[in-house]
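> Okay, predicted coordinates and the sequence, questions at the end:
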Amino acid sequence: MRAKIVAANWKMNKALPQAIELMQAITFGLRQNPASCKVVIAPPFVYLERLVTETTGLAEVAAQNCCSRNNGAYTGEVSAGMIESVGATYCIVGHSERRQLYAETPDVLEAKLQRCYDHNLTPIFCIGENHLERTEERHFEVVAQQLEYVLFNFTVEHAAKTVIAYEPVWAIGTGLTASPEQAQEMHSFIRRQIATKFGQELADNITILYGGSCNAQNAAGLFTKEDIDGGLIGGAALVADDFLKICNELR
């Protein structure tokens with residue numbers, strides 16, 4: 001039985017008082033109407049420890065990124081070990097914004113996944129094509145390569161500890177969304193790639209999230225598709241009522 005997950009990526013938003021207020025609104029809503037899925041919140045680094053205490057067991061906390069190194073003279077970086085030490089249990093790796101804005105290569109992403117596995121963090125590994133790759137009908141090729149160049153360098157035991165998030169880059173922050181049929185087509189393709197590399201049992205059990213402008217209006221249509229196991233939510237996760245509605249759409 002695959003884990004169903006709705007994860008909130010707050011990105012670089014909210015001062016501490018507003019972050020606490022948002023978290024408290026989410027936990028209040030979850031107490032009133034418990035979600036039938038696992039809820040994960042990924043705030044900015046500086047709020048990780050505080051929000052671990054605010055979740056009160058109703059949600060888990062994720063980092064939005066981690067360093068590819070364990071420790072040392074890497075000013076401004078945050079290691080997977082540090083993230084683990086404050087009680088977070090997940091870490092987003094390879095988000096398209098990290099790939100684009102910070103030139104994260106497959107080698108860097110592979111190292112980050114390894115750090116997550118070493119420190120008991122469940123990586124949410126992001127893959128997906130940009131607008132040009134989609135219009136040139138290379139989206140399947142691109143996604144297959146992103147899996148091959150990073151995740152497929154690990155063992156089946158490591159892969160089993162991973163959550164995959166498919167994020168069509170052309171649908172992030174643009175107001176565009178892949179149709180439920182487009183999203184299902186890619187999720188099914190990803191699952192087949194996993195089966196080819198790691199076997200059908202893992203493919204049947206690995207969680208694959210949709211991460212392209214999923215919101216309170218379109219979540220129900222996306223979540224009815226058989227290979228979509230939840231969402232990695234951006235802007236809609238910054239409004240408690242919208243995020244809770246998305247959580248309640250996942251059955």
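Now that the structure is in, tell me what you want to look at.
> how about Lys4, what does it touch?
36-38, 207, 229-230, 250-251 (Cβ atoms under 8 Å, 6 or more residues apart in numbering). The C-beta positions use only the backbone N, C-alpha and C, and glycine is treated the same way.
> possible to save the residues you listed as a markdown table with neighbour count, distance to Tyr166 and pLDDT?
Formatted as a markdown table, these follow (neighbours: other Cβ atoms under 10 Å; distance: Cβ to Cβ, whole Å; pLDDT from 0 to 100):
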| residue | neighbour count | distance to Tyr166 | pLDDT |
| --- | --- | --- | --- |
| Ser36 | 10 | 22 | 93 |
| Cys37 | 21 | 17 | 96 |
| Lys38 | 18 | 18 | 97 |
| Thr207 | 18 | 11 | 98 |
| Asp229 | 23 | 10 | 98 |
| Gly230 | 30 | 11 | 98 |
| Leu250 | 22 | 16 | 91 |
| Arg251 | 10 | 20 | 82 |
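> Make CSV from the residues you listed and add distance to Thr135 and secondary structure to it.
Converted to CSV, the contacts of Lys4 look like this (distance: Cβ to Cβ, whole Å; DSSP: H, G, I helix; E, B strand; the rest coil):
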residue, distance to Thr135, secondary structure
Ser36, 37, coil
Cys37, 33, coil
Lys38, 35, strand
Thr207, 29, coil
Asp229, 27, coil
Gly230, 27, strand
Leu250, 30, coil
Arg251, 34, coil
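> all strands for the stretch 151-251 of the chain, in order.
In the stretch 151-251 of the chain, the segments counted as strands under DSSP state E, counting those that start in this stretch are 163-166, 208-210, 230-233.
> most packed of the ones you listed?
strand 230-233 (a mean of 30; mean count of other Cβ atoms under 10 Å).
> Identify, from the contacts of Lys4, the entry nearest to Thr177.
Of all the contacts of Lys4, Thr177 sits closest to Gly230, with 15.3 Å by Cβ to Cβ.
> Tell me both backbone torsions, phi and psi, for the nearest residue to the closest one once chain neighbours are set aside.
Excluding its sequence neighbours, the residue lying closest to Gly230 (Cβ to Cβ, 6 or more residues apart in numbering) is Ile5, at 4.2 Å. Main-chain torsions, Ile5, degrees, to the nearest 10: phi -140, psi 140.
> So what's the residue count around Ile5?
Counted with other Cβ atoms under 10 Å, residues neighbouring Ile5 total 24.
> My read is that it contacts Ile41, right?
No - using Cβ atoms under 8 Å as the test, Ile5 is too far from Ile41 to be in contact (11.4 Å).
> mind checking the end-to-end distance for stretch 61-72?
Terminal residues of stretch 61-72 lie 25 Å apart, using Cα to Cα, to the nearest Å.
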